[in-house]
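Visitor: How does the following fold in three dimensions:
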Amino acid sequence: SSPIEKRGTSGPVTFYGPPFERGPFGVGACGNDPVNHDYFVALGASVYDPSRCGQCVSVSYNGRTTVGPVADRCEACGTGIDISHHMMEELGEVNTGRIYSSWDY
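Guide: Here you go, the predicted structure:
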């Protein structure tokens, strides 16, 4: 398989998975339960590609950056992404719940 080129984009970012939820999330679109329940990303349905499963996504907002692997597809996200609660916490926006941010993969 050919390597995936680094691509930067931006759009809405939301989060899922409360911090106390450590049990299995179930099998996502990538075919497995996230190994690390603190860091994971679901790509919006219109940008999801199975070849991105496991690939790291770097999300930046207001001078902060967090990184997590693609583990799922978000049907309701369109061209945006859904990130773990912990990742949103690292960006300092858990109370906001939805931000407009940039990310690279």
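Visitor: contacts and neighbour counts: CA atoms only from here.
Guide: Will do.
Visitor: in stretch 43-60, what counts as buried?
Guide: Under the neighbour-count criterion of 16 or more other C-alpha atoms under 10 Å, stretch 43-60 has 43-45, 48, 52-54, 56-60 buried.
Visitor: Quote the end-to-end distance of that stretch.
Guide: 15 Å (C-alpha to C-alpha, to the nearest Å).
Visitor: contacts for that stretch?
Guide: Stretch 43-60 is contacted from outside by 4, 29-30, 41, 65-82, 91, 101-105, using C-alpha atoms under 8 Å, 6 or more residues apart in numbering.
Visitor: and those, which of them are in strands?
Guide: Mapping these onto strands (DSSP state E) picks out 41, 65-74, 81-82, 101-104.
Visitor: Filter those residues down to just the buried residues.
Guide: By neighbour count, with 16+ other C-alpha under 10 Å, those hold 41, 66-74, 81-82, 101-103 as buried.
Visitor: Which one of the residues you listed is nearest to residue 10?
Guide: Relative to residue 10, the closest of those is residue 102; by C-alpha to C-alpha it sits at 4.0 Å.
Visitor: State the distance from that closest one to residue 91.
Guide: Counting by C-alpha to C-alpha, the gap from residue 102 to residue 91 is 12 Å.
Visitor: overlap in contacts of the two?
Guide: By C-alpha under 8 Å, 6+ apart, the residues touching both residue 102 and residue 91 are 60-61.
Visitor: follow-up on the earlier one: biggest separation within the buried residues of stretch 43-60, which pair?
Guide: By the measure C-alpha to C-alpha, 45 and 60 form the most distant pair in the buried residues of stretch 43-60, at 20.8 Å.
Visitor: give me every residue that touches the residue nearest the centre of the chain.
Guide: Centroid-nearest residue in the chain, with C-alpha atoms, centre = their mean: residue 41, separated by 2.0 Å. Residues near residue 41 by C-alpha under 8 Å, 6+ apart: 57, 68-72, 81-84.
Visitor: a markdown table for the residues you listed, including pLDDT and distance to residue 11?
Guide: Output for these, formatted as a markdown table (pLDDT from 0 to 100; distance: C-alpha to C-alpha, whole Å):
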| residue | pLDDT | distance to residue 11 |
| --- | --- | --- |
| 57 | 95 | 14 |
| 68 | 93 | 17 |
| 69 | 92 | 18 |
| 70 | 93 | 16 |
| 71 | 90 | 19 |
| 72 | 90 | 17 |
| 81 | 96 | 8 |
| 82 | 94 | 11 |
| 83 | 94 | 13 |
| 84 | 90 | 16 |
